[in-house]
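Q: Predicted model and sequence follow; I will ask about them next.
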Amino acid sequence: MTIEEDVGRIAEQEKVLSFDAFDLTTAWQLGKLLQELATERALGVAIDVTLHSMPVFYAALPGATPDNVQWIRRKRNMVFRYLKSSYACGLKLQKDGKTVEDNGLSGADYAPHGGSFPINVKGTGCIGAVTVSGLPQRDDHNLVVEALSLMLAKDLDTLRLR
């Protein structure tokens, strides 16, 4: 897929993968689902679900590293800044030939790499972020999309990036 196709597909994901309601219990269920998917596949990832500025779920699975904590923070910062997935932000920067620094942001605090996705509630907008770190960025992104698709009973085959 081209960058334009990926950006378009991610915009569709962000629209379709929106909740009617989302609370602390839902956040925990989302984190637990990601943990189960990653454990079944022996993926060495760290997982974070944050609502507003409150961490709700965090897990580091075998193979995750201390660096994943910072990658999660930096990718999540992209979502909270732009209210879009960190992968969409990174692809747009790549397409435009720019960096986060060109937007006046610090690379130490913002990572335009795949793996963090906005938690959107219909009629409200972005209320948090779900983030995975430890795989190649496209795989981090796809794992989050898979979990959201399962939770929301959406067709993953029509949403997943190829």
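A: That came in fine, so what should we check first?
Q: going forward, measure contacts and count neighbours with C-alpha atoms only.
A: Noted.
Q: quick one, strands of the chain?
A: 18-19, 46-51, 54-60, 116-121, 125-133 (DSSP state E).
Q: For the second one, list the C-alpha coordinates in CSV.
A: Extracted as CSV, the C-alpha positions of strand 46-51 are listed here (Å, rounded to 0.1, in the frame of the first residue of the first chain):
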residue,chain,number,x,y,z
ALA,A,46,4.4,-3.7,26.5
ILE,A,47,0.8,-2.6,26.6
ASP,A,48,-0.7,0.6,28.0
VAL,A,49,-4.3,2.0,28.2
THR,A,50,-4.5,5.5,29.5
LEU,A,51,-7.7,7.6,29.9
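Q: Show the average pLDDT along that strand.
A: Across strand 46-51, pLDDT averages out at 98.
Q: what's the offset of it from the middle of its chain?
A: Relative to the mean C-alpha coordinate of its chain, strand 46-51 is positioned 9 Å out (Cα atoms, centre = their mean, to the nearest Å).
Q: by contact count, what packs against that strand?
A: helix 24-40, strand 54-60, helix 67-82, strand 125-133 (3 or more Cα pairs under 8 Å, 6 or more residues apart in numbering; DSSP states H and E).
Q: now these in a markdown table, with distance to Asp96, mean neighbour count and mean pLDDT?
A: Shown next, in a markdown table, are those (distance: least, Cα to Cα, whole Å; neighbours: other Cα atoms under 10 Å; pLDDT from 0 to 100):
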| stretch | distance to Asp96 | mean neighbour count | mean pLDDT |
| --- | --- | --- | --- |
| helix 24-40 | 32 | 17 | 98 |
| strand 54-60 | 33 | 16 | 97 |
| helix 67-82 | 16 | 21 | 98 |
| strand 125-133 | 24 | 25 | 98 |
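Q: Can you add distance to Thr99 and give the ones you listed back as a markdown table?
A: A markdown table is the format used below for the helices and strands packed on strand 46-51 (distance: least, Cα to Cα, whole Å):
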| stretch | distance to Thr99 |
| --- | --- |
| helix 24-40 | 30 |
| strand 54-60 | 28 |
| helix 67-82 | 12 |
| strand 125-133 | 20 |
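Q: and the most centrally placed residue in the chain, what does it touch?
A: Closest to where the C-alpha atoms of the chain average out (Cα atoms, centre = their mean) is Ser116, at 2.1 Å. Applying Cα atoms under 8 Å, 6 or more residues apart in numbering to Ser116 gives the contacts 72, 75-76, 79, 85-87, 129-132, 140-141, 144.
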